[in-house]
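Chemist: Provide a 3D model corresponding to the input given below.
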Amino acid sequence: TDEVLDINPANADIFVDELRVLGINAKRVEINQLESAVKKADITSCATLSSKPLILGDWVQSGTHVDLIGSFTPTMREADDQLMKKSNIFTDFKEAALHETGDLISPLANGIITKDSILGDFISLSHNQKVGRAALNLPTDCITVFKAVGSSIEDLAAATLAYDQIQVK
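Modeler: Numbers count the residues shown, from 1 in each chain. Just a heads-up that it's a prediction; the model follows:
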């Protein structure tokens with residue numbers, strides 16, 4: 001079952017209904033069920049404007065992948081230091097992420113992780129300068145985190161794809 005949490009339950013219900021139409025077995029969970037949902041998840045995606053960690057490292061099990069696509073300022077956090085410490089971290093753009101998101105700035109400042117804890121980003125992965133999850137030691141047992149801060153290059157890639165598809169028709 002795919003579980004959905006939103007600060008607005010009505011929005012969660014709408015998304016659950018959309019997933020069910022696609023044949024995905026989804027249900028809405030409440031905030032007091034977040035720990036349980038994360039503990040049994042293979043993939044956790046977090047897209048919030050939170051200023052305090054919502055996803056705790058103690059909850060995330062071996063083999064899990066965590067997407068952190070909110071927290072785009074130094075004062076925002078979606079994950080705690082423990083999660084960042086025990087994860088193999090990838091970002092969309094490393095240099096931007098090191099200066100823009102509290103999910104990395106805080107654990108760096110606390111000595112929990114180093115800049116080298118970030119194993120790769122879009123550029124290094126796409127140029128085969130770094131390897132992804134499949135090449136990690138025990139890839140099915142490791143925890144990976146993808147931390148996105150957003151970038152205009154992603155917007156450009158999406159616009160290019162849309163443009164190319166329009167041109168084909």
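Chemist: what about this protein, any weak spots by pLDDT?
Modeler: Applying pLDDT under 70 to the chain flags residues 151-158, 167-169.
Chemist: all helices of it, in order?
Modeler: In the chain, the helices defined using DSSP state H lie at 9-21, 34-40, 81-86, 94-100, 102-109, 122-126, 152-168.
Chemist: Please identify the deepest-packed of these.
Modeler: Using mean count of other C-beta atoms under 10 Å, the stretch among the helices of the chain with the largest mean neighbour count is helix 102-109, at a mean of 22. The C-beta positions use only the backbone N, C-alpha and C, and glycine is treated the same way.
Chemist: what separates that one from the chain centre, distance-wise?
Modeler: Remark: helix 102-109 is offset 15 Å from the chain centroid, using C-alpha atoms, centre = their mean, to the nearest Å.
Chemist: Mind giving me the packing neighbours of it?
Modeler: Packed against helix 102-109 by the contact rule (3 or more C-beta pairs under 8 Å, 6 or more residues apart in numbering; DSSP states H and E) you find helix 81-86, helix 94-100.
Chemist: Of all the ones you listed, which one is nearest Ile43?
Modeler: Nearest to Ile43 among the helices and strands packed on helix 102-109 is helix 81-86 (14.0 Å), distances taken as C-beta to C-beta.
Chemist: Perfect, that will be all.
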